[in-house]
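Novice: can you look at this prediction? I've put the sequence above it.
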Number of protein chains: 2
Amino acid sequence: MNLKIALLGGDGIGPEVLAQSVKCLQAVEETFNHHFTYTEGLIGAVAMDKYGSPLPKQTIDLCKASDAILFGTIGTLKYDDNPSARVRPEQGLLQLRRELQLFTNIRPVKIFPTLINKSPLKKHVIFGTDFVIYRELTGGIYFGEKKLSEDGTQASDLCEYSEKEISRITHLAFKAAKNRRKKLTLVDKANVLETSRLWRKVVTRISESYPEVQLDFLFVDNAAMKMMLDPNDFDVILTDNMFGDILSDQGSAICGSKGLLPSASIGNEHAMFEPFHGSYPQAAGKNIANPVASILSTAMMLSHFGLHEESLAVVIAVDKSMKKHVVTRDLNASSKYGTTQVGDFIAGNIIDSD
Amino acid sequence: MNLKIALLGGDGIGPEVLAQSVKCLQAVEETFNHHFTYTEGLIGAVAMDKYGSPLPKQTIDLCKASDAILFGTIGTLKYDDNPSARVRPEQGLLQLRRELQLFTNIRPVKIFPTLINKSPLKKHVIFGTDFVIYRELTGGIYFGEKKLSEDGTQASDLCEYSEKEISRITHLAFKAAKNRRKKLTLVDKANVLETSRLWRKVVTRISESYPEVQLDFLFVDNAAMKMMLDPNDFDVILTDNMFGDILSDQGSAICGSKGLLPSASIGNEHAMFEPFHGSYPQAAGKNIANPVASILSTAMMLSHFGLHEESLAVVIAVDKSMKKHVVTRDLNASSKYGTTQVGDFIAGNIIDSD
Ligand SMILES: [Mg+2]
Ligand SMILES: [Mg+2]
């Protein structure tokens, strides 16, 4: 298969972990006889510094002309700690998601058996946890109108949702549930929010087309509790943009390392794959960042294009790196392996698996 | 001391657990020679069923004429599962908080040493956890304008904050931090939300008046992670209404039982005390609800009026109930004690402590 892949490393540790993903994809090309091309584009603080915009037009054009986008991470301390900055690196990612209409963020939360001891949760609580969060990604309060009064004493953010926005992600989530344990939990705050009540109404109506899937409802505060007390009871979680942001980060903490989980952002025409974690600018350039989440996001990409055997080869190579303790220091404080060594090991094992 | 106390039992298990609190306060009266009067008022679904409103005028009047309000819980399945209901029991509580200008919700999260094994978190993660959440309670998206388009396909909720709203709770939180471990964490989403950026600006300015307190910032998704990975690092968390709702429920799950944690809602003129947990309508009337959170909220009330010795007597009696295993079934599945028996034991030990 030929694939045109856009590489957007972004800020912080993004470029380093993405470089390991490319190594792994090159190993896949070699092993399975595919041909992928890679073109780099700028986004985030690095794009602001160079072009004055967190999402330059040439980056948008590149993404639109690509089959898939591999994304690193975004955000730097320089902009985070400056509340008066009006243009922010994160806007690059938000704009890109909206521009490409990547309306669904998919975040699997599954614990690696070899790493169950890394979880902050007790073994009997975390055991068997395997769920996936479908987070709406282009609507809600992150994109609604923002206002600051002229005297700077009054601010507002508008949360909006339409039936159409809710409907398209809901179908994807129900289809996923059908192929899993057939349970879908809508997380909302329908006892207080009008948008949540619209979600409940639309999702309830759509559920009639998926009679084999059990639908239940959970308020977001209860969901945050349940993720601590009973995470293995979840199968597919469907929720809005902001609730999904909070819950998927809480979900990643379940696994004990922020560096392990991949994610996909899917639209009708484009697809982007990225690690779950942030840009950890403090770790940038030190060869200590864990590349596994980024590498596993390439496995999600390969699956997305139907390359299931190739995807599995990547996952198996990652699993082997854990079993052989070829991991970064976040997983083993005394590890001698850095970002590039872990990437080399995993890529090497993709080739050897042939 | 003479105190006029309004009792709002509300829905579900609220009235049952509140009855145990009254027993304990009567024990305090007897032991320490105070005189409290108790007047009941209706709120929530029970008020809707009787008066057609979740917050009848006579309840507001009662609360305004009282020194303190002891609140039970609110919400029933009947209304939760009906997304088309326009008037909801929870509106009673939201309205009351706004009517009395109870702008600060205070939620201590502290693990009872006897119950550390109940936590879903590993012992080394949870050990030493002792923080308090200051949640803004009368502003933000829960109170902003709600809209539903005429054809029912578009909904919105508005999140608004003013400098004044942020400022008054911020001072309370800094004062609390000064008397604790001198650390305040503002939780927001300032990389995306305009309201969060206003919070950051106002809190940063106010921090200059509290130089002994260390201020840091955390995005809400990172806070949800940290509460799982590193909860004992928090001291005082300051946050807005919705983030506080989610994080304080996540915080309660840390303790392993939803029935243990009290809370206070404070304004300039009124003060309300209530358990942290929900109305669990499934448990109502079965004498199985844990009354400890409600009883500990009376301890917060006693402290609020400067009755520190009395407050401590309540806490010590609760601690004794745990050490003697006089607990409800949520803490010990084979327990033979119900709600009223636990209430009797704790009240009895307040008297005996004299
Ligand atoms: Mg996040
Ligand atoms: Mg709550």
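Specialist: Done, it's in. Residues are numbered from 1 along each chain as shown, chains lettered A, B, ... in the order given. Ligands and ions are numbered 1, 2, ... in the order given.

Novice: OK, contacts around the closest residue to residue A:30 other than its chain neighbours?
Specialist: Nearest residue to residue A:30 in three dimensions, chain neighbours excluded: residue A:351, at 6.2 Å (Cβ to Cβ, 6 or more residues apart in numbering or on different chains). C-beta coordinates here come from the backbone N, C-alpha and C atoms, glycine included. Residues in contact with residue A:351 (Cβ atoms under 8 Å, 6 or more residues apart in numbering or on different chains) are A:27, A:30, A:31.

Novice: tally of neighbours for the second one?
Specialist: What it means is residue A:30. The local packing of residue A:30 (other Cβ atoms under 10 Å in any protein chain shown) involves 13 other residues.

Novice: check which helix or strand it maps to.
Specialist: helix A:14-32 (DSSP states H and E).

Novice: just the CA trace of that helix, in PDB.
Specialist: Extracted in PDB, the C-alpha atoms of helix A:14-32 (Å, rounded to 0.1, in the frame of the first residue of the first chain):
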ATOM      1  CA  GLY A  14       6.500  15.800  20.100                       C
ATOM      2  CA  PRO A  15       9.300  15.700  17.400                       C
ATOM      3  CA  GLU A  16      11.400  13.200  19.400                       C
ATOM      4  CA  VAL A  17       8.600  10.600  20.000                       C
ATOM      5  CA  LEU A  18       7.300  11.100  16.400                       C
ATOM      6  CA  ALA A  19      10.800  10.200  15.100                       C
ATOM      7  CA  GLN A  20      10.500   6.800  16.800                       C
ATOM      8  CA  SER A  21       7.100   6.300  15.100                       C
ATOM      9  CA  VAL A  22       8.700   6.900  11.700                       C
ATOM     10  CA  LYS A  23      11.400   4.400  12.400                       C
ATOM     11  CA  CYS A  24       8.700   1.800  13.200                       C
ATOM     12  CA  LEU A  25       6.700   2.700  10.100                       C
ATOM     13  CA  GLN A  26       9.900   2.300   8.000                       C
ATOM     14  CA  ALA A  27      10.300  -1.100   9.600                       C
ATOM     15  CA  VAL A  28       6.700  -1.900   8.600                       C
ATOM     16  CA  GLU A  29       7.400  -0.700   5.000                       C
ATOM     17  CA  GLU A  30      10.500  -2.900   4.800                       C
ATOM     18  CA  THR A  31       8.900  -5.900   6.400                       C
ATOM     19  CA  PHE A  32       5.500  -5.900   4.600                       C
END
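
Novice: and whichever helix or strand comes after it, what does it pack against?
Specialist: Counting by DSSP H and E, the next helix or strand C-terminal to helix A:14-32 is strand A:35-40. On a contact count with 3 or more Cβ pairs under 8 Å, 6 or more residues apart in numbering or on different chains; DSSP states H and E, strand A:35-40 meets strand A:2-10, helix A:14-32.

Novice: tabulate the ones you listed (JSON lines), appending mean pLDDT.
Specialist: Supplementary listing: those in JSON lines, determined by pLDDT from 0 to 100:
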{"stretch": "strand A:2-10", "mean pLDDT": "97"}
{"stretch": "helix A:14-32", "mean pLDDT": "97"}
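
Novice: dump these into TSV; add distance to residue A:75 as well.
Specialist: Below are the helices and strands packed on strand A:35-40 laid out as TSV (distance: least, Cβ to Cβ, whole Å):
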stretch	distance to residue A:75
strand A:2-10	8
helix A:14-32	9
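
Novice: okay, helices next: where are they in chain A?
Specialist: For chain A, the helices defined by DSSP state H cover A:14-32, A:45-51, A:57-64, A:77-80, A:89-99, A:123-126, A:163-178, A:194-207, A:220-229, A:241-254, A:292-304, A:308-323, A:339-352.

Novice: show me how far the last one is from its chain's centre.
Specialist: This points to helix A:339-352. In terms of Cα atoms, centre = their mean, to the nearest Å, the centre of helix A:339-352 is set 22 Å apart from its chain centre.

Novice: for it, list the C-alpha coordinates in CSV.
Specialist: The C-alpha coordinates for helix A:339-352 follow below in CSV (Å, rounded to 0.1, in the frame of the first residue of the first chain):
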residue,chain,number,x,y,z
THR,A,339,13.7,7.5,23.7
THR,A,340,15.8,6.6,20.6
GLN,A,341,17.0,3.3,22.1
VAL,A,342,13.4,2.2,22.8
GLY,A,343,12.4,3.3,19.3
ASP,A,344,15.3,1.3,17.8
PHE,A,345,14.4,-1.8,19.8
ILE,A,346,10.7,-1.7,18.8
ALA,A,347,11.5,-1.0,15.1
GLY,A,348,14.1,-3.8,15.1
ASN,A,349,11.6,-6.2,16.5
ILE,A,350,9.0,-5.4,13.8
ILE,A,351,11.6,-6.4,11.2
ASP,A,352,12.6,-9.5,13.1
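
Novice: list the buried ones in it?
Specialist: Within helix A:339-352, the residues that count as buried by 16 or more other Cβ atoms under 10 Å in any protein chain shown are A:339, A:341, A:342, A:343, A:344, A:345, A:346, A:347, A:348, A:349, A:350.

Novice: ok, the second one next?
Specialist: Buried positions in helix A:45-51, judged by neighbour count with 16+ other Cβ under 10 Å: A:45, A:46, A:47, A:48.

Novice: which of those lies closest to chain B?
Specialist: Taking Cβ to the nearest Cβ as the measure, chain B sits nearest to residue A:45 out of the buried residues of helix A:45-51, at 11.5 Å.
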